[in-house]
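**Student:** Need coordinates for the following:
(chains A and B)
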Amino acid sequence: MSIFEKIRDIIADLLDIEEDEITLESYLIRDLGAESIDLLELAVALNSTFNIEINDDEIFLKTLRLYLTEAKEKKEDTSSYLAVRFPFLEKKRIEEIMEDLEKGPVIKVKDIVRYVAFR
Amino acid sequence: MQKRVVITSVGVISSIGFTQNSIIENFKKENTCFNTALFDNQIPVCPVKNFDVKNFTGRFKNIRYLNRGAQFCVASAMEAVTYAKLHKDMLKKAGMFAGMGPNLDISGEFSKSLDGVGAIDSKDLPALWILRFLPNTAVSAISRLAGIHGDNLTINTACSASLQAIGEAFRKIRHGYLDLAFAGGGDSRLNQGGILAYKKAHALAAGGDDPEKAGRPFDCNRKGFVPGEGGAFFLLEELEHAKKRGAKIFCEICGYGASIDGYNMTAPDPEGRWSETAVRDALKEAKMLPDQIDMVSAHATGTQLNDEMEASLIDRVYGEHKPFVIALKSWIGHVAAACGAVELAICIYCLQNRYLPKIRNLKDPNHKNINFVKTSAVCSFDSVMLENFGFGGQNSALVVKAWC
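**Tutor:** This next block holds a predicted model:
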């Protein structure tokens, strides 16, 4: 089973939804309706399944907007600033996120997969 | 002015059935679910078979936070909500009152972490495992599923809890605070932790050969109670409100009483002074005399102490009037915090069907001056006194009348 398939099964179970509703491009919060308590449970399940320490702030991009403000205040390049703090995200994905900020929480299933693969 | 309060919806999940028809049918055929516990063949229990909470909630991710007792509570509440057919705006304002027990399933909840050295954490333990132990998790789930947002309470007064929840809801409507209130409860203590607790307290009817014959309320040879499980919920409604929307009325709640013994942590006061007060308060609020009660649904656990106290209490209150006395725990076991709600649901169905269920296994009554129902019968009765008493010296009583 691939990392994505394992993560898809965990999310389907936690959110009580069908597996085929979940793709790499699904937004965890906007599309799948995850709430803060679901993210807490997801972190526990990922830790248990993959045997890795999960940093909630990193994996769910919780500090994303804080870093954006910091980068602006420090007058640093935003993409580079985020790339250092979210090393599991590729440059292309960071750019995608930057353009998507207005529409709500940006976290996608593929970000979770990347985080786990990176660890 | 005090309002009149009626019940306009019933939802029940019990070992003897989930619907009015199945419950009455199972009474008539004497189909019960008594068996021995899976993990201890010396302990008789009365589980609910074929229960899946999702059949009542549909898809609902928060089911993972509901212990089995909370699942019975949520399932029966959703049945009551569905049957009530209330408009969304009415549901929003409705109150909600639930009697809940503690989650005693310690070995089940921490099965992967009980390592014998005292550590209870494990990597599989849910982040919010606390919700499976908080008593108000059930009403939180019901609120979200049904869109109920009014005044609410979760009551934890042991085996008196759900009858008190119904009593509190009744008073909120009677005194004009609410027009609509859902009330009831759910509980299950058939797990190893729950059984261990009652076994050590010497409260169980343990050690017999036949689980069907273990629970013997009011019999001289009674040995203790048989744990059961389940849940029931009702919609309580102000009479004019119910009439205006053309709701079916099952019965009227006329009076309620509650008290606390201040005597012993587990045993009832043998003189039943404060339990009698609760019963007499319920009659007083109903503006009824003892001889206007046709049937008493006794708490009747089948323990030495409760049944001794309760038989004397019934004799003192009703004297020569001698109403029918039934003991539903001989059919469904002791549903703990939810016993009042489940027993009320069954009493309502018995009222509707004019059906008087016998007290099972009663051969040698512990009191000579009481009209124990020893043979099931179809007969006319209109008014019921429900009694429930619990650990801690909790007492509660509720008077309901058939709606004709």
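**Student:** Quick check: B:Leu239 vs B:Tyr355, distance?
**Tutor:** 26 Å (C-beta to C-beta, to the nearest Å). Every residue, glycine included, has its C-beta placed from N, CA and C.
**Student:** Could you pick out the residues of chain A near chain B for me?
**Tutor:** A:Leu14, A:Leu15, A:Asp16, A:Ile17, A:Ile37, A:Asp38, A:Leu40, A:Glu41, A:Ala43, A:Val44, A:Asn47, A:Ser48 (C-beta under 8 Å from any C-beta of the partner chain).
**Student:** which residues touch the residue of chain A positioned farthest from its centre?
**Tutor:** Centroid-distance maximum for chain A: A:Lys75 at 25.5 Å, with C-alpha atoms, centre = their mean. Taking C-beta atoms under 8 Å, 6 or more residues apart in numbering or on different chains, we find A:Lys75 in contact with no residue.
**Student:** Next up, phi/psi of it, please.
**Tutor:** Backbone torsions of A:Lys75, given as degrees, to the nearest 10, read phi 60, psi 40.
**Student:** Just give me the neighbour total for whichever residue of chain A sits closest to chain B.
**Tutor:** Going by C-beta to the nearest C-beta, chain B is nearest to A:Leu40 of chain A, at 3.7 Å. A count of nearby residues for A:Leu40, using other C-beta atoms under 10 Å in any protein chain shown, gives 15.
**Student:** Without its sequence neighbours, what residue ends up closest to it?
**Tutor:** Of all residues not flanking A:Leu40 in the chain, B:Ala127 sits nearest, at 3.7 Å (C-beta to C-beta, 6 or more residues apart in numbering or on different chains).
**Student:** swap in B:Ala336?
**Tutor:** Closest to B:Ala336 by C-beta to C-beta, 6+ apart is B:Asp187, at 4.2 Å.
**Student:** Surely that neighbour is within a strand?
**Tutor:** Yes: with DSSP: H, G, I helix; E, B strand; the rest coil as the criterion, B:Asp187 is assigned to a strand.
**Student:** so where do the strands sit in the stretch 251-400 of chain B?
**Tutor:** In the stretch 251-400 of chain B, the strands defined using DSSP state E, counting those that start in this stretch lie at B:251-260, B:295-297, B:324-326, B:355-356, B:371-372, B:377-378, B:383-390, B:394-402.
**Student:** okay, those strands in JSON lines with mean pLDDT, distance to chain A and mean neighbour count next?
**Tutor:** Shown next, in JSON lines, are the strands of the stretch 251-400 of chain B (pLDDT from 0 to 100; distance: least, C-beta to the nearest C-beta, whole Å; neighbours: other C-beta atoms under 10 Å in any protein chain shown):
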{"stretch": "strand B:251-260", "mean pLDDT": "98", "distance to chain A": "35", "mean neighbour count": "22"}
{"stretch": "strand B:295-297", "mean pLDDT": "98", "distance to chain A": "38", "mean neighbour count": "26"}
{"stretch": "strand B:324-326", "mean pLDDT": "98", "distance to chain A": "41", "mean neighbour count": "23"}
{"stretch": "strand B:355-356", "mean pLDDT": "98", "distance to chain A": "40", "mean neighbour count": "18"}
{"stretch": "strand B:371-372", "mean pLDDT": "98", "distance to chain A": "48", "mean neighbour count": "18"}
{"stretch": "strand B:377-378", "mean pLDDT": "96", "distance to chain A": "45", "mean neighbour count": "10"}
{"stretch": "strand B:383-390", "mean pLDDT": "98", "distance to chain A": "32", "mean neighbour count": "28"}
{"stretch": "strand B:394-402", "mean pLDDT": "98", "distance to chain A": "33", "mean neighbour count": "27"}
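**Student:** okay, those strands in TSV with distance to B:Leu289 next?
**Tutor:** TSV is the format used below for the strands of the stretch 251-400 of chain B (distance: least, C-beta to C-beta, whole Å):
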stretch	distance to B:Leu289
strand B:251-260	12
strand B:295-297	14
strand B:324-326	17
strand B:355-356	22
strand B:371-372	17
strand B:377-378	25
strand B:383-390	11
strand B:394-402	11
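**Student:** Of these, give the one that comes closest to B:Ala336.
**Tutor:** In terms of C-beta to C-beta, the element of the strands of the stretch 251-400 of chain B nearest to B:Ala336 is strand B:383-390, at 8.6 Å.
**Student:** who does the closest one pair up with?
**Tutor:** Sheet pairing of strand B:383-390 (DSSP bridges) gives strand B:295-297 (parallel), strand B:394-402 (antiparallel).
**Student:** and B:Gly228, which of the ones you listed is closest to it?
**Tutor:** Counting by C-beta to C-beta, B:Gly228 lies closest to strand B:295-297 out of those; the figure is 15.1 Å.
**Student:** Same list (the strands paired with strand B:383-390) but as TSV, adding distance to A:Val109.
**Tutor:** As requested, the strands paired with strand B:383-390 are arranged in TSV below (distance: least, C-beta to C-beta, whole Å):
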stretch	distance to A:Val109
strand B:295-297	54
strand B:394-402	50
